[in-house]
Every structure is written in C-alpha cells, then in structure tokens.
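1. The following block contains a protein sequence and its predicted model.
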4 protein chains.
Amino acid sequence: MGKIRVSIVGATGYSGKELIRILLKHPQIELMHLVSASYVGQNICEVYPEFTNQLDKELVALDREKIVQDSDIAFTALPHNVSLNIVPELLAAKSQLKVIDLSADFRLKDAQNYAKWYKKEHSEDSRALLKEAVYGLPELYKEDIKRAVLIANPGCYPTSAILGIAPLLAENLVETKNIIIDAKSGTSGAGRKLSLGLHFSECNESFKAYKTTMHNHIPEMEQELSLLYNSCQGNNGKNKNGKENKEIIISFTPHLLPLSRGILSTCYLNLIKDCDEQDIVALYEKFYHGAPFVRIFEPPNLPEVRFVQLTNYCDIGFALDRRMGIIKVISVIDNLTKGASGQAIQNMNIMFDLPEDMGLV
Amino acid sequence: MGKIRVSIVGATGYSGKELIRILLKHPQIELMHLVSASYVGQNICEVYPEFTNQLDKELVALDREKIVQDSDIAFTALPHNVSLNIVPELLAAKSQLKVIDLSADFRLKDAQNYAKWYKKEHSEDSRALLKEAVYGLPELYKEDIKRAVLIANPGCYPTSAILGIAPLLAENLVETKNIIIDAKSGTSGAGRKLSLGLHFSECNESFKAYKTTMHNHIPEMEQELSLLYNSCQGNNGKNKNGKENKEIIISFTPHLLPLSRGILSTCYLNLIKDCDEQDIVALYEKFYHGAPFVRIFEPPNLPEVRFVQLTNYCDIGFALDRRMGIIKVISVIDNLTKGASGQAIQNMNIMFDLPEDMGLV
Amino acid sequence: MGKIRVSIVGATGYSGKELIRILLKHPQIELMHLVSASYVGQNICEVYPEFTNQLDKELVALDREKIVQDSDIAFTALPHNVSLNIVPELLAAKSQLKVIDLSADFRLKDAQNYAKWYKKEHSEDSRALLKEAVYGLPELYKEDIKRAVLIANPGCYPTSAILGIAPLLAENLVETKNIIIDAKSGTSGAGRKLSLGLHFSECNESFKAYKTTMHNHIPEMEQELSLLYNSCQGNNGKNKNGKENKEIIISFTPHLLPLSRGILSTCYLNLIKDCDEQDIVALYEKFYHGAPFVRIFEPPNLPEVRFVQLTNYCDIGFALDRRMGIIKVISVIDNLTKGASGQAIQNMNIMFDLPEDMGLV
Amino acid sequence: MGKIRVSIVGATGYSGKELIRILLKHPQIELMHLVSASYVGQNICEVYPEFTNQLDKELVALDREKIVQDSDIAFTALPHNVSLNIVPELLAAKSQLKVIDLSADFRLKDAQNYAKWYKKEHSEDSRALLKEAVYGLPELYKEDIKRAVLIANPGCYPTSAILGIAPLLAENLVETKNIIIDAKSGTSGAGRKLSLGLHFSECNESFKAYKTTMHNHIPEMEQELSLLYNSCQGNNGKNKNGKENKEIIISFTPHLLPLSRGILSTCYLNLIKDCDEQDIVALYEKFYHGAPFVRIFEPPNLPEVRFVQLTNYCDIGFALDRRMGIIKVISVIDNLTKGASGQAIQNMNIMFDLPEDMGLV
C-alpha cells in the first residue's frame, strides 16, 4: 500500500504540533500540507525549532482544493466554533478525503445541545454532518471508526473520565447518580492563545479549580456515558417494559496543575454491587481486552501523570472505600496525546486498516 | 508584659523552620531553646542559611529541665509516635509551661482510635493528657484554647477540610453522608526525611493520588466534623427524643502536587435545603465573623493556592452545582502556615491573650 | 513623626504589587493613591485577591494634583519610556513630593546613552532631572540617597551584579577587562504584559539565554562599575598623572529560569593580586559593613536562590579557581524585592531617616 | 542480520531506564538481561510502571557468564568507581562481547589523573583497558568507535561543552586560555540515590551553583579539548619546531536547574580572528557535516532546553560580543539522552554498522 497522504489544518497550535511530533515517527504516512492561519509563509521549524532536521515544510494558507486533491486524510486541529465552518467544505467535494476533527464541533449529536454549551449555532452543512460523525474513542467505537468519513475526536477530559468509568457503568456496578469527577489538567490543555492566567508567573507554584459548574466538556461526557449505559443495559429509549433510557449526569470540576502535560481524573461512584478488588480488575481487563492503550493498575498500585507523558496510554487504577461504599477510579492520560493528537492518529490507523498502535509506541 | 519565652523541640524539620520564620517577626516573643535531634551543636544558620543575620543560635539536645525552666511555651514539632513520649515529660513538672504539639499524637480523643490509625499505643502518661488536650482550631475552639495547657495542633488536611465545610454542617444544610473530600497538597507536607518519591525528578511534572483509603488524617476530620454537627444540632448522644449522635464519615483522597507549599481541598456535599449563592456567602461570613484568617470568596470568584502561600489565611470559595444538588467547596491554605506552624502561633497568641493575628499578618 | 504618605503610580504590575505587599507590613507609612492605567475603578483586591482583608482601596487614574497634594513620596513603577513623561510632572509642582522611579529612565546619566539603549529621547524636562537623580543603590550611595528628591531605583540584574563584584573593583583586586556576568532570572522579571514566551507551557521545564549581546541593563552596570572603580582608584578623568578614567565594559548574558522569583549572577573576573579565601571574605565584610541586606557566604558555602526569596537580601558567595586565576562570584537576590520594590522601600527609609530595614525584615 | 543481543548492567538507575526507553523503539536489538543490584527478582515494571505493556522482564543479579554468553553488547550504567571492577570481568572472557560503559571510569587516559579526580586507583585489569577504551563521542571519534571493543561513553557536561566549542578550537579561532564554561543541568543528572538536596522541596523554585572549582568532569573536558586542539594544529607533543602540545584548561561551573532533564552550557571564549556570524555558522556546519545529531542555530536564533528534551540532539547557537571580542556559545542537550544513554546507543549503532540514528529519531 502506498503511504497515507496527511494534511493538517491548524498545524501550529499545540494539538497540531503534537500531530506532527507523532507523525514524524509514523512509517506509513506522508505529510502533505500544513495549514496555519498565523504563520503562513514561515517554515514550521521557525515556529517550532525542535523539528529542525526532521521536517522542512512551509506553512500555507487554507486551500481546500489542494488539500482535497493531495490528501487521503485531513486533521483539523482548530478552535471550536471554527471547525464547523471548515470541515463541511473539506468533505463537500466528491473525493475520498476523510477528516478527523480535533475540535468539539462534531462531538455532540444534538445541535441544540451544541448551541447551548458552545454558544454558536450549527450551519445547515455542519448540522448535516452530525449524524455521520463518529465519536472517535476507539475503545468504545472501533467498528464505527473503521467505516467513518468524519471523526469527532474526543476531548481530553472526556477521554480520561469515560475510559475510567465506562466498565463500571457497562456492568451496572454503580449508581448512575452522584457521579463526581474531580479532574486536574496541565497547562497545555488551554492551548496557545495569549492569556495572563497561563503566564508562568501566574500558574507556577499554584493550583486552582476553574469553570466549576459549566465546563463545556460536560455534555460530551454525559452523552457518551448515557449512550454506553443504556446500550449495555438494553434500554431502548421507549417507555415500555421498564427499559426507559436513563440520562446520566455528572458533577465535573476541572483544576489547573502547574505542569505542562497530563490529566488525572479522580472519579467517585457509589457501588451497588458487592465486589472485591480482584473482581474489578478482572472486569476492567475484560472490558479493555485487545485495547492496546489502556493499562489497568492492580490495587494498591495507582497510575501517576508521569507514567503516560508523551504516550498514548490511558492508565487506570482504583481504590475501594468500603466504609463509604464508594469506588474511586484514577484515570491518567497525556492531554495532548491520548487526549488529542495521539488518539486522532490511533483513529487514523483504524480507518486505514493499519495496526492500531502504529507510530504510537 | 514581658516577652513570651518560646522553645521549639524539633526545630529543623519543615514545621520547626516555619515556626522560626514566623516567630522572627513576632514582636512579643523571645526565642529560647532550639532542640534538634539531628543537628546538635550546629548553628541554625548552618542548617538554614536563610536565617543568616536574623538568628544566631545553636541547636541543642533535648534537656527537659532547661526547657521547663526557661520557657513559657514549647512547640513540639516532632513526628507522630514521638511526641507522645516527650510531651508528658515537659508537662510533668510543676511549672507554668504550656505546650503546643504539632504532631497527631494528642488530636484523637479516643486512645484506641489512635492506636488503630497510628499503629502505636498511648502510654499511661500520654493517655492521661488526652482529656486535657484542646484541638487547636481557633475558629471552632477559641475559648477552650484560651484556657488550655496542651494544644493538639490540627493536621494540614483537616484544617483545610474542616474550615471549608464546618458552616454547612453546623447549619444542617447538607447531608451527613456522601461527603467527598478530594485534597491536593504540595510536597513540603511530607516533611524532610529522605524518600525517593519526594525527589525532584520523581514528582516534578507529575501528579498522583496516594493513601486513597487510609490516610491517617481521616479519623481527625471525622471526629471534629461529628462533634461539630452533633453539638450544633443539639444531639446529646443519648438515645431518647430522636437526638442520637450521628457519626459523620467521609471519603478522603489526598494527591501530591508538584509545588512546595499549599493545599487545595475540593469538597463535595449534597445540599438538603434550597439556597442560593448569597445565602451561603452570608452563612459563611456569619460563621466566621471575627475570625481574622478566614476569607470567603463570593462566586464566581474562587481561591487559588498562590493567594495564601506564606500566609495564615484559609481562603474558602464554593460553587453550586444545581443540576446535581451538590455544593462544591474549595478551601485553600498554606500547609506549613495555617496547616501547621502559623496556626500554632495563632494558638499561642490566644493562649497568652495577645491579638490573635500578632506576627501573622 | 506622622506617617509617611505613600502613593504608587503603576500599582498593578508586579513591582507595584510587590510594593504593596511590603508596605502593608511597614509601620510608618500610610497608603494613599494606587494609580493604575488598566484597572481604574476596580478594587485592588479584585486584581490581587491575596490582599483581601489587608487592603481595601480603589485603583484610580493618574491625577497629578492629588498625588502631589496627598503624598510625601510617590513610587513610579512604570515601563521604561513611560516614566520619563510622568516623573517630571510629579516633580514640577512646588511641593515636598519625592519620587522613587523603578523604571530605567533616570538611571543613565548620559541622555544620549539612554537614547541609544532605550530607543527614545529624553524630553527637556526629563533630561533636566538626570543630574538630580540619585542611583538608588544604598550600599554605594547612602549619603546621596538621604538628600535625594528623585531616586533612579536600580535594575534587577545590575543590583545583583554590581553588589557582587563592587568590592573587587574598589580594591583593585581584579582586571577591569574580561569581566563576564552570566545571569539567570525567574520569569517575574519580564513583567506582566502578555507574551507567548512567558506562558507556562513555553518556559516550564526549559531554560534559555536571551538578548545575548544587547540587554539594556548593560549600560547601567558599566556606568556604575566604572564610576566606582575610578572613584576608588582616585582616577579623576583627566589625562595627567596617569590617573585617567577607565571605562569598564562587561560581557553580560541573561538567561530565563523556570521559577517565579529570583536572580543568580555568576560573575567571572581575573584576579591580579594573590589572595586567599579569608582575605576576600574580610574584604567583602569590610566593604559591606553596616549594610543590613548584604550577607557574605564563606567558602565552600554558596548562596541559593531560595535563601533570598521574598526578602531584601543580596547573598554573595565566591570560589577561587586557582588553576585559572579566576574568582567566581555568585550573587543572589529576589528580583522583585532587592531587585526592585524592596530596594525602593529601603531607599524610602533612608530618605525619611527611618531605620534602613524598617518593614523589610 | 540477526538482532543485536543487548544486556544492561545497572538497569534501574536513570541512565539504565533511559537505555530501556530508547531500546524499546530500536528495531534491530533484542533485550536480554537487565541487571540490577537493588531490585533483583522484581519485574522492571514494578520499578518503572511506565514500561507496562511494553516490556516484561525480571531484574536479575549480575551473572558474568550469562551476560557474556547471551549478549553481543553490554551497557554498564553504574556509578564511577564501580564500573572499573565489572567491565574487566565482562571483557576478560574469550568472547565477542562489546561493552559501552556509561560511567567515568574509562574516560581518562591517564590512570593517575583518574585517581586524583575520582579518589580511587585503577586495578591492573582496568588500567590495562584504558588504552583500548575509545572515548565515545561520535562527532569526533566515529572511526575509532567502529572498531572499539570498549567505549567510554562521555559525561553529560563534557558532551555539551566539547561539542559546543570543538570547531572553534579545531580552527584555531579562539584563545586557548580564559575559556569559561557556565553550565546548568536538570536534576536527573544527579542520579537516583537518596539525597536531601535533590528533594522537590529543596530544589524547586531555586537555583544554585555547586562544585564550583572541582567538578570531576573537568579533566575529561580538558583531555578532549587538548587532544582535539593539538591534533588539529599539528602539534606533536615534541619540543621541536615550536609545535609543542598545549594543555587546555578551562573554568567550569555547574549549576542545578529546577527541571528534570536538560543541560545548557554557556561557553565564553576570546576570539583571535576577525570573523562574522556567517563565517562561524559555515565553520560549524562544515565541522559537523554528516553528524545527524548536531543542529546549528543561526544568530539571532538560539537553542533552548525544551527543543532537545527526550531527543539525542545537541543544539548549538552562538552570539558575538564584539565590544568584548568574545564569542558566547550556547550548547544544549538532554543530559540523559545525548548526555548518556542516547549517545551510548548512537555508539552501539556505529559499532554494529547500523545507521547512526537508528532508534534515535
């Protein structure tokens, strides 16, 4: 097979940079166009000198024709509210192009929900794509991803939280209410746009909670956890036979860590079945059987942020708080890799029938 | 009034150092003996060059007689399981000496509970002191502290968590079950003894949970929250009139932050009364009226670790998660100041009838 | 004596904030007006919540009249090229007002030199002030400072470097050429204006040199080192008796440290006299006799950045490299305290005949 | 060709871990024995959970026979003074085994010089190996490395400094005296043994110089710089024709950075020839022609530590200080990769006739 021709739209943000970092070691791709709004005409090595000797490519303005013509796949690593204008253009052409969108714009299946949380209405074109878009979490949707033309690549917090607690909900081991997710992320999650709050002098040696009730990753997590739960419990959304769909809601609190890369989510759920540590380890291992990037830690071992930095792993551990009837799940990822660009490339591998972990280990 | 003569037993650990740092600016004290097990004969400035020009004092071995004779108060900043041997000796003498113990050894009123969590039995002498020891959280026990001879200075995590949620329990605004405390601390909380896990290369750029079910600050928090709740609800521990005591239990998870000083506790409680942000701000301000070191943040403002570093403040903010019926309380302290040595000096000020904030602002 | 009435012009930059932090503990001052260009109408605690409970003051626009009328002294903590417009206005009035300017605008005695390095011409008014301005390094100019109306408060790098090597030049112990100063500063030295390079994700876990040949603190260091050297050697600037002035030039390289506060300068000088460690310690101690903020470290002890953080100390140590005939001087300060605001308050204390260290220890 | 069979003696120190990290991605090797003195019987993933799913291997005690029999090459990643006992044993056998020693024990060609700086005498066996050992800096000794049986892998500071200034000395562009190297290293350079000074609370938010006159990397740098200079100038060590060997000495000062990985060396040399930036860039590019891991930065661009982290690159930039006649060279590496294990694997590639950068980009 020839190499996969890859273009990146939004190549100079942190997700774009991380895509390049990984793709440089991927044996089956060819980097075609690197599109940047801010640095047109500059070489990528002027923006990121770390790529010197490894990549020699000029950043170009967006040219839909060229991308469609020269690429098998485009990664769109753009801010939310922007992707939804550009992706439909890329997919409009009669072409074989596939798109993996790293923004939030195609993750929510309900356009009104999107409008509510992201303060912008879908266009007709972008709305039309919602039903084609596949939520790109390979551990849950591998078969759909294989056939997808458009991937809505998951958010960083949702990747960490969903992978952390999916097995418990799938197996109906925990209450669907009172789910608390206390998440902590490094600073690169906030992107590269100028912000006083992200200055070294402002977040170094500090720690804070932010967006304590309305982070826009909430609807994404609730959508996916509800879908998973209802599907696994055989709920069909109809009102008969007592199998009505349950809508899972969560209490989500993100915090800002004084480190560059990494997310650790501490998830609290109320157990409704009696089980011991070994049962749960077995459950997780079964659920993630064949998933190359999920690693389960047996108690008392627990994952740490440093274990996953610059990798595509999601490391999951847990502790049973028997006095409270609570299970605490600790789920750790690198927000730029498994939480964004690594996962996007994992999706690409699946879409093009390559080994899922190619270029990623 | 003459100056208060102060000695420190355990002067070279981080709490001892922090005591010295603060006491150097305290206008009403005189530093007498600095006791160190590890550095006898050295000048304090050899161990901590930052004190050069400010303090010129030799570290000495423990000499009970001298301390009792030359001091009005002794701070014992020793590891747990050690204080309980030394404090009874200091207080045995017929003297006016008062002691503020920064270890955990006199915090738990039930000696069996201590033995269970701290893996060591009280001696007869130290057990006898348990009923005299006052839990040194001035915002709750100011009057008792005034009359105390022995202060059990609170732990860092408990200070942050108890101050954060005390008003809610006192006013019966929240369920007493399902209380979740997700706490994050800087590295100085672990003290100064050698440990690979505390090496810069091991915790820098990382983050982890630890002791996820059995941190020994748990019984201290549960004891104090239960006492407060039952006392405020008029429960009397008897079985009649339906006013039986409730034992509050919590789910506590500490995490290690890659920063030196500071604790942020995120506390999740289920609201049982309808209330809005203003009600809660008013409640907290009333509860902490006259408490110079508690600062309440009005939503959407939230405290951050950097706001309290090197201060004795406890900054408290909160958010209402109305979808879930949860209140999230964020409580922030410097673990070495309000979480240890600053609070100890606040206690000293109260015991000696000085302004509560002397030397601390 | 009544309290000194103090106003700050530029109260919300890092130097302004540091002035406030220190002045809050100063027993002989009263804070009058806090001027801010960016936050007029907000309370200082909205910008810096850490001042809550300690200071309740609205930020105001610059009103020359009011400042002159209500203040004994004004600190101008403004960017260079801005102070030179504002200071003449403040001093124009027939008033008793004194000004301590924390910018570079009045440090260089030669207006052309200023124009060359700072890319802006002095106005007639500001140029007229150059001969009145006293370079506010108390360890060198205490007597002049006592009588000054306008203080040009030294730069952070120059404070560290000049104090580090002044005694060697004064005593003619080293060559005046080949002086190399390799300096490393924390991020707060760059101020608070938005800059991608100062984002946490960009400077965390990194280190770099910058402005390797043309940092604008160079002329300030060369002016002061030359003045000191020539004065101490009895050079009079005339061409007779072989006592011509020597112009000292230095090679200065600043680097950016991944920490918030602190400068460490490593200075390399060629020894021209034979001397041992004890001679040099004695020389430094004599030179800085009576200077409360200089601490000399005897070899092999060396100062570290953490020893001086949040203090007004300049810690100086050195090592003799006998194989090379080089003395390496290590000089450490907190760039915001001794390198800016602490030194400014030290100057204020001297100008108002207060103990030099009032409010600073 | 079959895969190269690789064993590591000292697999659990930071260099050993870094060897494993890189070798896991190397397509032409097979990991045989991982020897550890401290963790015998444990799986490598118990010591380093980050290797979970990637490597499943038990740590074993040193068994010379097995290593010799099962390996084509052994990396010895041991403390200095230890390697010199073990390497001779490994090479004693009649075998094809090659050894790359990451300690300092075989770097100094003069056994007396070793004894002086490393406080230990060579044994007869280890001394005998000195003349066979090749200093493993591929940019200088590639041909010798191809034929070597024993590689003395360079130190981290020397790698950075020698690569930084070698072209200037080779071309006789600078004075051989007054060479000043001001180097800054992250904490991982100090290894993994317990040390209070390496605790997070002790070096976070700080910076210091250490071993200011006697770091034991000095003789290594001087040996190699002298060899290079004399060889390039045609000096033959004899006293005739004015071509006597010159011994280059340097003034070296290491500092400890609050970051995990990376070294930046700022080197100051006096220019003796007139040249401009372009000349020097050309000189460096010629000198390093064909060296895949040296990247030259053209002024005013300069390398930063983050550009090389987790890579085998040595990034070199410079600035001309024309006022002083000084060239400042900035040379940056990752101390664990190009400064240790990456370079070791680069050497292995050369020894086994593989592409020099295999597994390293």
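-> That came through, no problem.

2. Give me the pLDDT value at the residue nearest the centre of chain A.
-> Nearest to the mean C-alpha position of chain A, counting by Cα atoms, centre = their mean, stands A:Pro154 at 2.9 Å. As predicted, A:Pro154 sits at a pLDDT of 98.

3. now do the one 10 residues further on
-> According to the prediction, A:Gly164 has pLDDT 98.

4. what about it, distance to A:Ala340?
-> According to Cβ to Cβ, to the nearest Å, A:Gly164 stands 17 Å off from A:Ala340. (Each C-beta comes from the backbone N, C-alpha and C, glycine too.)

5. Where does the residue of the stretch 201-350 of chain A with the smallest separation from chain D sit, in terms of helix or strand?
-> Here the stretch 201-350 of chain A gets closest to chain D at one residue, A:Phe307, 4.4 Å apart by Cβ to the nearest Cβ. When elements are assigned from DSSP states H and E, A:Phe307 belongs to helix A:305-308.

6. close to chain C, is that helix?
-> No - no part of helix A:305-308 sits near chain C under the criterion Cβ under 8 Å from any Cβ of the partner chain; the closest distance found is 12.0 Å.

7. And that helix, what does it pack against?
-> Helix A:305-308 makes packing contacts with strand A:314-321, strand A:326-333 when contacts are defined by 3 or more Cβ pairs under 8 Å, 6 or more residues apart in numbering or on different chains; DSSP states H and E.

8. Just say which of those strands is most tucked in.
-> strand A:326-333 (a mean of 26; mean count of other Cβ atoms under 10 Å in any protein chain shown).

9. what lines up beside that strand in the sheet?
-> Partners of strand A:326-333 in the sheet, by DSSP bridges, are strand A:263-270 (antiparallel), strand A:314-321 (antiparallel).

10. Restrict the first one to CA atoms and write it as PDB.
-> Put plainly, it is strand A:263-270. Below are the C-alpha coordinates for strand A:263-270, written out as PDB (Å, rounded to 0.1, in the frame of the first residue of the first chain):
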ATOM      1  CA  ILE A 263      -4.600  14.900  33.100                       C
ATOM      2  CA  LEU A 264      -5.500  12.900  36.200                       C
ATOM      3  CA  SER A 265      -9.200  12.400  36.900                       C
ATOM      4  CA  THR A 266     -10.400  11.100  40.200                       C
ATOM      5  CA  CYS A 267     -13.900   9.700  39.800                       C
ATOM      6  CA  TYR A 268     -16.200   8.900  42.700                       C
ATOM      7  CA  LEU A 269     -19.000   6.400  42.200                       C
ATOM      8  CA  ASN A 270     -21.400   4.600  44.600                       C
END
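
11. Show the average pLDDT along it.
-> Rounded mean pLDDT across strand A:263-270 is 98.

12. That one: which residues count as buried?
-> Using 16 or more other Cβ atoms under 10 Å in any protein chain shown as the test for burial, strand A:263-270 gives A:Ile263, A:Leu264, A:Ser265, A:Thr266, A:Cys267, A:Tyr268, A:Leu269, A:Asn270.

13. Only C-alpha atoms, please: export stretch A:98-105 in CSV.
-> The C-alpha coordinates for stretch A:98-105 follow below in CSV (Å, rounded to 0.1, in the frame of the first residue of the first chain):
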residue,chain,number,x,y,z
LYS,A,98,-11.5,11.7,5.4
VAL,A,99,-11.4,14.1,8.2
ILE,A,100,-10.5,13.8,11.9
ASP,A,101,-11.7,16.9,13.7
LEU,A,102,-10.0,17.6,17.0
SER,A,103,-12.4,20.3,18.0
ALA,A,104,-15.6,19.9,19.9
ASP,A,105,-17.8,20.8,16.9
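
14. Contacts for that stretch next, please.
-> A:10, A:15, A:72-84, A:87, A:90-91, A:114, A:118, A:122, A:126, A:133, A:136, A:148-153, A:155, A:216-217, A:220, A:340-341, A:344, A:347-348, A:351 (Cβ atoms under 8 Å, 6 or more residues apart in numbering or on different chains).

15. quick one: which of those sit in helices?
-> Residues of these located in helices (DSSP state H): A:15, A:83-84, A:87, A:90-91, A:114, A:118, A:126, A:220, A:344, A:347-348, A:351.

16. thinking again about what came up before, which two in the buried residues of strand A:263-270 are spaced the farthest apart?
-> Greatest spatial distance among those (Cβ to Cβ): A:Ile263 and A:Asn270, at 23.4 Å.

17. Read off the pLDDT value for the spatially closest residue to A:Phe287 that is not a sequence neighbour.
-> Setting aside the residues directly before and after it, A:Phe287 is nearest to A:Pro167 in space (Cβ to Cβ, 6 or more residues apart in numbering or on different chains), at 3.9 Å. Note on A:Pro167: pLDDT of 98.

18. Could you list every helix and strand in contact with whichever strand or helix holds A:Pro167?
-> A:Pro167 belongs to helix A:156-170 when elements are defined using DSSP H and E. If you count contacts as 3+ Cβ pairs under 8 Å, 6+ apart, helix A:156-170 packs onto helix A:138-147, strand A:179-185, helix A:218-232, strand A:250-256, strand A:263-270, helix A:277-287, strand A:314-321, strand A:326-333.

19. got TSV for those, with distance to C:Ser188 too?
-> Putting the helices and strands packed on helix A:156-170 into TSV (distance: least, Cβ to Cβ, whole Å) gives the following:
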stretch	distance to C:Ser188
helix A:138-147	43
strand A:179-185	24
helix A:218-232	35
strand A:250-256	19
strand A:263-270	28
helix A:277-287	45
strand A:314-321	35
strand A:326-333	31
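
20. Which one of these lies nearest to B:Asn53?
-> strand A:250-256 (37.7 Å).

21. what lines up beside the closest one in the sheet?
-> The strands beside strand A:250-256 in its sheet (DSSP bridges) come out as strand A:179-185 (parallel), strand A:208-209 (antiparallel).

22. Can you tell me which residues in the stretch 101-250 of chain A are near chain C?
-> A:186-188, A:192, A:194-196, A:198-205.

23. Can you select the buried ones from the residues you listed in PyMOL?
-> The PyMOL selection below is limited to those of these classed as buried (16+ other Cβ under 10 Å):
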select buried, chain A and resi 186+187+188+192+198+199+200+201+202+203+204+205
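
24. The residues of the stretch 101-250 of chain A next to chain C: which ones sit near chain D?
-> A:Glu205.

25. In helices, which of the residues of the stretch 101-250 of chain A next to chain C fall?
-> Within these, residues falling in helices by DSSP H are A:Phe200, A:Ser201, A:Glu202, A:Cys203.

26. Of the residues you listed, which pair is most distant in space?
-> It's A:Ser201 and A:Cys203 that sit farthest apart of those, by Cβ to Cβ, at 8.2 Å.

27. Contacts only, for A:Arg127.
-> A:Arg127 sits in contact with A:Ala111, where contact means Cβ under 8 Å, 6+ apart.

28. And for the one 5 residues further on?
-> Contacts were defined as Cβ under 8 Å, 6+ apart; by that measure A:Glu132 touches A:Ala148, A:Val149, A:Leu150.

29. Equivalent analysis for A:Gly317, please.
-> So A:Gly317 contacts A:Ile296, A:Phe297, A:Glu298, A:Pro299, A:Asn301, A:Leu302, A:Pro303, A:Val329, A:Ile330 (Cβ under 8 Å, 6+ apart).

30. cool, A:Asn312 as well?
-> Contacts of A:Asn312 by Cβ under 8 Å, 6+ apart are A:Phe293, A:Asp334, A:Thr337, A:Lys338, A:Gly342, A:Gln343, A:Ile345, A:Gln346, A:Asp357, A:Leu360, A:Val361.

31. Which helix or strand contains it?
-> Secondary structure (DSSP H and E) places A:Asn312 outside all helices and strands.

32. Show me the shaky parts of chain A.
-> A:1, A:237-242 (pLDDT under 70).
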